[in-house]
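Student: coordinates only, sequence not included:
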């Protein structure tokens, strides 16, 4: 006999947000809900009531850690039920119109044994897979990017630390390469006047991501924006939706060998963004990994999916290298020299408009005497020649410079 708890506080079940179904057989058997204050609840089907339009459910307060453990098959269905928060659960009867009746709280250790599953009942991914990204997006009230790494030497949720660091480093350089220039792009497309420093910083935060990792059968990395969302136009995708779309378009660009897309990224972003993409493709080829990308934003319902498979890495490398081995071109920049070796002609130059844009290269002339006149505290206008070797590696040569 389930022991009722008198005067217990009953949650407002009608305000719960459904995250998804964890188990299913001719209808949901175990469903995950979340309250507005981010409390997690599991609805566990128990029985059909005497009036068949109502069904009895056991509502179990729980937490993200236990849900993850259940999805990982580290604990059974019976265990997650009996681990209800504070040992308290709720019995409810509900119909298809979400009318609730006979609601009461009880101590979970007094649950009717007939309602409990067998000890060996574990989560079954084959029956009803559960979407973590939907849950995380709703819980964080933001878009979330899932990057799944599989294949190669990865075992169940295990990956060499050195390879994990290399993967993060390559992804980080791509993100950083997109962020600042994407703000400029959004400013020109959606704002009638130039952004002030506060507005620019706000947009940069919305395209900068924090990382958290979940073990889930293969190695998954989850990223969420550092700040809340804004809409660019009424009824449109949010800013981070646009940023995610741009990032995933880059990831797919080498598969389609679309020259216009390559030119888009080379023109809009730092000139080495394709080098960073090429570096990621070579990493995938070397380690024989598959990368799956999923972006989902519960605020707007926007979802985008792309992938880079190990068998596609050679084609991506070939397409990018083929594009980059075109004839040399010249660009101009304004800023100051950060480093200069007169003997070798190697230099580093900081763009005055964007201090994250640092150009490394060599002096293209044979007479290095003019380099002696360069001063690090002066502003210069420089002309660079950019060319590519047969491996697609970018080469930058300083053709001329003039103090401003």
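Tutor: On my side now, so go ahead. Only a predicted model underlies this, so the values are computations on that prediction, with no experimental measurement involved.
Student: can I see the domain layout of the protein?
Tutor: What automatic domain parsing lists as the domains of the chain is 13-115, 132-324, 329-403.
Student: can you name the residues bridging to residue 387?
Tutor: residue 395 (DSSP bridges).
Student: do the same with residue 90
Tutor: Under the criterion used (DSSP bridges), residue 90 bridges to residue 59, residue 105.
Student: need the pLDDT of it.
Tutor: Turning to residue 90, the model gives it a pLDDT of 96.
Student: for residue 359, same thing?
Tutor: Per the predicted model, pLDDT is 88 at residue 359.
Student: and the nearest residue to it once chain neighbours are set aside, how many neighbours does it have?
Tutor: Of all residues not flanking residue 359 in the chain, residue 349 sits nearest, at 4.5 Å (Cβ to Cβ, 6 or more residues apart in numbering). Every C-beta, even on glycine, is put in place using the N, C-alpha and C of the backbone. By other Cβ atoms under 10 Å, the residues close to residue 349 number 24.
Student: correct me, but residue 349 touches residue 334?
Tutor: No. Using Cβ atoms under 8 Å, residue 349 makes no contact with residue 334, being 9.6 Å away.
Student: common neighbours of the two, please.
Tutor: 380, 382 (Cβ atoms under 8 Å, 6 or more residues apart in numbering).
Student: just to revisit the earlier point, could the domains of the chain go into JSON lines alongside distance to residue 122?
Tutor: As requested, the domains of the chain are arranged in JSON lines below (distance: least, Cβ to Cβ, whole Å):
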{"stretch": "domain 13-115", "distance to residue 122": "5"}
{"stretch": "domain 132-324", "distance to residue 122": "14"}
{"stretch": "domain 329-403", "distance to residue 122": "48"}
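Student: rank these by pLDDT, which is bottom?
Tutor: Note on the domains of the chain: lowest mean pLDDT is at domain 132-324, with a mean of 79.
Student: list the contacts for the residue nearest to residue 359?
Tutor: By Cβ under 8 Å, 6+ apart, the neighbours of residue 349 are 333, 335-338, 358-359, 361, 380, 382, 398.
Student: where does it fall, phi/psi-wise?
Tutor: phi -130, psi 130 (degrees, to the nearest 10).
Student: for the chain, longest strand please?
Tutor: strand 329-340 (DSSP state E).
Student: tell me which element residue 29 falls in.
Tutor: strand 28-34 (DSSP states H and E).
Student: quick one: contacts for residue 337?
Tutor: Residue 337 sits next to 347-350, 374, 376, 380 when contact means Cβ under 8 Å, 6+ apart.
Student: and with 6 Å instead?
Tutor: By Cβ atoms under 6 Å, 6 or more residues apart in numbering, residue 337 lies in contact with 349, 374, 376.
Student: tell me the spacing between it and residue 309.
Tutor: According to Cβ to Cβ, to the nearest Å, residue 337 and residue 309 sit 43 Å apart.
Student: swap in residue 171?
Tutor: 17 Å.
Student: any idea what the residue lying closest to residue 376 once chain neighbours are set aside is bridged to?
Tutor: Residue nearest to residue 376 in three dimensions, not counting chain neighbours: residue 337, with 5.7 Å by Cβ to Cβ, 6+ apart. Taking DSSP bridges as the rule, residue 337 bridges to residue 349.
Student: distance check, residue 104 against residue 339.
Tutor: 73 Å.
Student: could you do residue 78 as well?
Tutor: Counting by Cβ to Cβ - residue 78 and residue 339 are separated by 64 Å.
Student: equivalent analysis for residue 56, please.
Tutor: Counting by Cβ to Cβ, the gap from residue 56 to residue 339 is 73 Å.
Student: these two: which is more packed in?
Tutor: residue 56 (16 against 12).
Student: got a list of what that one touches?
Tutor: Contacts of residue 56 (Cβ under 6 Å, 6+ apart): 46-47, 49, 93.
Student: for residue 280, state which of these is nearest.
Tutor: Nearest to residue 280 among those, counting by Cβ to Cβ, is residue 46 at 49.2 Å.
Student: helix/strand/coil for the closest one?
Tutor: Recorded secondary structure, residue 46: strand (DSSP: H, G, I helix; E, B strand; the rest coil).
Student: that one contacts residue 58, correct?
Tutor: Yes. With contact defined as Cβ atoms under 6 Å, residue 46 reaches residue 58; the gap is 5.2 Å.
Student: the more surrounded of these two?
Tutor: residue 58 (24 against 19).
Student: tell me what the nearest residue in space to that one that is not next to it in sequence is bridged to.
Tutor: Spatial nearest neighbour of residue 58, chain neighbours left out: residue 44 (4.5 Å); criterion: Cβ to Cβ, 6+ apart. On the basis of DSSP bridges, residue 44 is bridged to residue 30, residue 58.
Student: surely residue 44 and residue 32 touch.
Tutor: No. Applying Cβ under 6 Å as the test, residue 44 and residue 32 come out as separate, 10.7 Å apart.
Student: what's the residue closest to the geometric middle of the protein?
Tutor: residue 145 (2.2 Å; Cα atoms, centre = their mean).
Student: thinking again about what came up before, same list (the contacts of residue 56) but as JSON lines, adding distance to residue 296.
Tutor: JSON lines is the format used below for the contacts of residue 56 (distance: Cβ to Cβ, whole Å):
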{"residue": "46", "distance to residue 296": "31"}
{"residue": "47", "distance to residue 296": "35"}
{"residue": "49", "distance to residue 296": "36"}
{"residue": "93", "distance to residue 296": "33"}
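Student: list the buried residues of the longest strand of the chain.
Tutor: Within strand 329-340, the residues that qualify as buried are 333, 335-337, 340, counting by 16 or more other Cβ atoms under 10 Å.
Student: quick check, nearest of those residues to residue 281?
Tutor: Distances from residue 281 to those, taken by Cβ to Cβ, are shortest for residue 333, at 27.4 Å.
Student: enumerate every residue touching that closest one.
Tutor: Counted by Cβ under 6 Å, 6+ apart, residue 333 has contacts 351, 382.
Student: separation between it and residue 359?
Tutor: 7 Å.
Student: gap between stretch 280-292 and the chain center?
Tutor: Its chain's C-alpha centre and that of stretch 280-292 lie 17 Å apart, by Cα atoms, centre = their mean, to the nearest Å.
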